[in-house]
Every structure is written in C-alpha cells, then in structure tokens.
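Visitor: Whatever this is, show me its structure:
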Amino acid sequence: QVHVAESGGGLVQPGGSLRLSCAASGFTFSSYVMNWVRQAPGKGPEWVSGIYTGGGSINYADSVKGRFTISRDNAKNTLYLQMNSLKPEDTAVYYCNADLGIFGEYWGKGTLVTVSS
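Guide: Take a look at the predicted model:
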C-alpha cells in the first residue's frame, strides 16, 4: 500500500527557514518522480518543485526559485524541501506527491507552513 506522509511544518517569521520531509513507503521510491505542491488559504493548488528519480533533474516554480531546495534520499525513501527566506505568501499547506505514472498519483495529508511575524 502506497503511503506518503509530510512533516516539518510550523510557524516561522518572515525571512526564516524550515525543512519539510516526506516519508514514503509501499513503492520503489527511487524509481519515481516526486513533487511538492502547496495550497494557500482560499487559493488553488500550486506546484512548487519536482525531482526526478536520481535527483539529477530538478525544477522549481518561479515563485520559489533561489529560495527553496528539493532533494531526496533514496536510501531512506524520503523527500525533502528546504525553504529559506520565507515570505508571508509562502503560507500554505504543503503536500508531497508521488507520481507513479500509469500506477497513479499519491498524496499525503499535508503539513501547514505559516509565515508570520
């Protein structure tokens, strides 16, 4: 059974940092693309970043480029999102997405990040 679970959210002041983690199980983690997607209050989902299987190909939304870093540890079946220079507009629920291709997409329950002074 595929399972992904986010952790690491919380309240942080503008300019601060947080690191989100996503623990995955039930599939061959190293073989699939993983993404972070966020949803701010009252808004639709926004793709944040994606990383290919070996970590060699990484993409970011323009809104987070230069501030966020995605990474993965295939030995630990874990996806990360290092978020620096956080802004109030980064406030959102952050979701981990496992893109298993023809086998479907799987989502965690999300972790809330609040950027506020």
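Visitor: Below-threshold pLDDT in this protein: ranges please.
Guide: For the chain, no stretch is flagged by pLDDT under 70.
Visitor: most centrally placed residue in it?
Guide: Centroid check for the chain by CA atoms, centre = their mean gives residue 36 as the closest residue, at 3.0 Å.
Visitor: Contact partners for that residue?
Guide: 20, 22, 47-50, 70, 79, 81, 94-97 (CB atoms under 8 Å, 6 or more residues apart in numbering). In this view, the C-beta of every residue, glycine as well, is placed from N, C-alpha and C.
Visitor: again with residue 7
Guide: 20-23, 111.
Visitor: now residue 110
Guide: Applying CB under 8 Å, 6+ apart to residue 110 gives the contacts 6, 39, 93-95.
Visitor: ditto for residue 62
Guide: With CB under 8 Å, 6+ apart, residue 62 has no contacts at all.
Visitor: State the distance from it to residue 88.
Guide: The spacing between residue 62 and residue 88, counted by CB to CB, to the nearest Å, is 18 Å.
Visitor: again, but for residue 19
Guide: Residue 19 sits 19 Å away from residue 88, going by CB to CB.
Visitor: And for residue 82?
Guide: Taken as CB to CB, the span from residue 82 to residue 88 is 19 Å.
Visitor: From the contacts of residue 7, pick the one nearest residue 43.
Guide: Proximity of the contacts of residue 7 to residue 43 was ranked by CB to CB; the top entry is residue 111 with 17.0 Å.
Visitor: Return the alpha-carbon coordinates of the helix or strand where the residue nearest to the centre of the chain lies using PDB.
Guide: Applying DSSP states H and E as the criterion places residue 36 in strand 33-39. Taking Å, rounded to 0.1, in the frame of the first residue of the first chain, the C-alpha atoms of strand 33-39 are listed here in PDB:
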ATOM      1  CA  VAL A  33       9.300  11.400  -9.700                       C
ATOM      2  CA  MET A  34       8.400  13.200  -6.500                       C
ATOM      3  CA  ASN A  35       6.900  16.600  -6.200                       C
ATOM      4  CA  TRP A  36       5.900  19.300  -3.600                       C
ATOM      5  CA  VAL A  37       2.600  21.100  -4.200                       C
ATOM      6  CA  ARG A  38       1.100  23.700  -1.900                       C
ATOM      7  CA  GLN A  39      -2.300  25.300  -1.400                       C
END
